[in-house]
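[1] When you get a sec, could you give me coordinates for this:
(one chain, ligands or ions: 1)
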Amino acid sequence: MARQLLGKEVNASLNEKIKQEVTALQEKGIFPKLAIVRVGEKESDISYEKGATKRCETLGVVCEKYVLPEDVAEEELLKVIDALNEDVSVHGVLLFRPLPKHLNEDRIINALDPQKDVDGITDGSLAGVFAGKELGFAPCTAQACMEILDHYGMDCTGKKAVVIGRSLVVGRPAAMMLMHKNATVTICHTRTTDMEKIVREADIVVVAAGKPGVVGATYFTSGQTVLDVGIHVNAEGKLCGDVNYDETEGVVEAITPVPGGVGAVTTSVLVSHVVEAAKRQNKK
Ligand code: NAD
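    Below you'll find the model as predicted:
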């Protein structure tokens, strides 16, 4: 049976570090603050917002919410973003996407100051991930994968890593971050041929395809580490990932479960970014 890589174990050490940093900032009169901007009442956004709010409270980070109606005018939303950019008491901004269709998402995202972009959605943040520079922040989910590898002492140097999925939210930044950790990285996507063979040759596999159970036993072999980013609700109403867990856990060396794996670490990473943003903004 594979070793389970558990989000709660990663969070325990991550959260300890965050708490110490928050205390140190508070002693200097700095109170890290996250602003959450939500347009509409999408269930998945509200659920993530609740988790993020609770994690902020537990770790001593202030959290303010800005909820706008589904039919908000683009200029109104931009005014909110501009005000948050200007507000020195706000260190990080989380903006839920996708935005309603009538809004120019690219324009709105890139109105956000990359220094406050704690979820890594602006072009500036992504440029930083690709260039290996602190221009903004890495997308939280991609970084959660790296935190899991670090926590369990997995050295990526010289390892073969395969990332399934090329979205800007997870796949592409995760691939870049693995490369910065000295792995040799292959990105698979819907047009990849013979994905089974490519995945079987990897030491580390990050699966972010957004399709429940899209990879299973035939893709894997002994000794591999599998990070499953997918989150879905299956026909029985239970949460499941992109990996067929039951088939795979008997084959590989280590695997993240769903729930309780990558997703569990994402909100801790978000809060750690707010704290880092507060530190950076007060260095200036
Ligand atoms: P997305 O749909 O934007 O991208 C999916 C990518 O996977 C695409 O690049 C596509 O080419 C590729 N793909 C799809 N089917 C494939 C297949 N059969 N073979 C190879 N490649 C395939 O999704 P996303 O935003 O990157 O999210 C991926 C998954 O991660 C989703 O299940 C999402 O719910 C989940 N997610 C989890 C968290 C978290 O905190 N755990 C955060 C964000 C997203």
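
[2] So what touches stretch 12-29?
    With Cβ atoms under 8 Å, 6 or more residues apart in numbering as the test, stretch 12-29 has contacts from 31-32, 58-61, 147, 151, 265, 268-269, 271-272, 275, 278-279, 282. (Each C-beta comes from the backbone N, C-alpha and C, glycine too.)

[3] List, one by one, the residues from the stretch 51-200 of the chain near the ligand.
    Residues of the stretch 51-200 of the chain lying close to the ligand by Cβ under 6 Å from any ligand atom are 141, 164-167, 169-171, 188-190, 192, 195.

[4] Of those - the most surrounded one?
    Within these, most neighbours by other Cβ atoms under 10 Å means Ile164, with 32 neighbours.

[5] so what's that residue up against?
    Per Cβ under 8 Å, 6+ apart, neighbours of Ile164: 171, 188-189, 195, 199, 205-209, 214-215, 242.

[6] So which of those residues are in strands?
    Cys188, Val205, Val206, Val207 (DSSP state E).

[7] just to revisit the earlier point, make JSON lines out of the contacts of Ile164 and add distance to Gln26.
    Putting the contacts of Ile164 into JSON lines (distance: Cβ to Cβ, whole Å) gives the following:
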{"residue": "Gly171", "distance to Gln26": "37"}
{"residue": "Cys188", "distance to Gln26": "45"}
{"residue": "His189", "distance to Gln26": "44"}
{"residue": "Met195", "distance to Gln26": "49"}
{"residue": "Val199", "distance to Gln26": "46"}
{"residue": "Val205", "distance to Gln26": "40"}
{"residue": "Val206", "distance to Gln26": "35"}
{"residue": "Val207", "distance to Gln26": "39"}
{"residue": "Ala208", "distance to Gln26": "36"}
{"residue": "Ala209", "distance to Gln26": "41"}
{"residue": "Val214", "distance to Gln26": "45"}
{"residue": "Val215", "distance to Gln26": "45"}
{"residue": "Asp242", "distance to Gln26": "40"}
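
[8] export those residues to JSON lines and tack on distance to Val118 and pLDDT?
    Converted to JSON lines, the contacts of Ile164 look like this (distance: Cβ to Cβ, whole Å; pLDDT from 0 to 100):
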{"residue": "Gly171", "distance to Val118": "20", "pLDDT": "98"}
{"residue": "Cys188", "distance to Val118": "29", "pLDDT": "98"}
{"residue": "His189", "distance to Val118": "27", "pLDDT": "98"}
{"residue": "Met195", "distance to Val118": "33", "pLDDT": "98"}
{"residue": "Val199", "distance to Val118": "32", "pLDDT": "98"}
{"residue": "Val205", "distance to Val118": "27", "pLDDT": "98"}
{"residue": "Val206", "distance to Val118": "21", "pLDDT": "99"}
{"residue": "Val207", "distance to Val118": "25", "pLDDT": "98"}
{"residue": "Ala208", "distance to Val118": "20", "pLDDT": "98"}
{"residue": "Ala209", "distance to Val118": "25", "pLDDT": "98"}
{"residue": "Val214", "distance to Val118": "30", "pLDDT": "97"}
{"residue": "Val215", "distance to Val118": "30", "pLDDT": "98"}
{"residue": "Asp242", "distance to Val118": "25", "pLDDT": "98"}
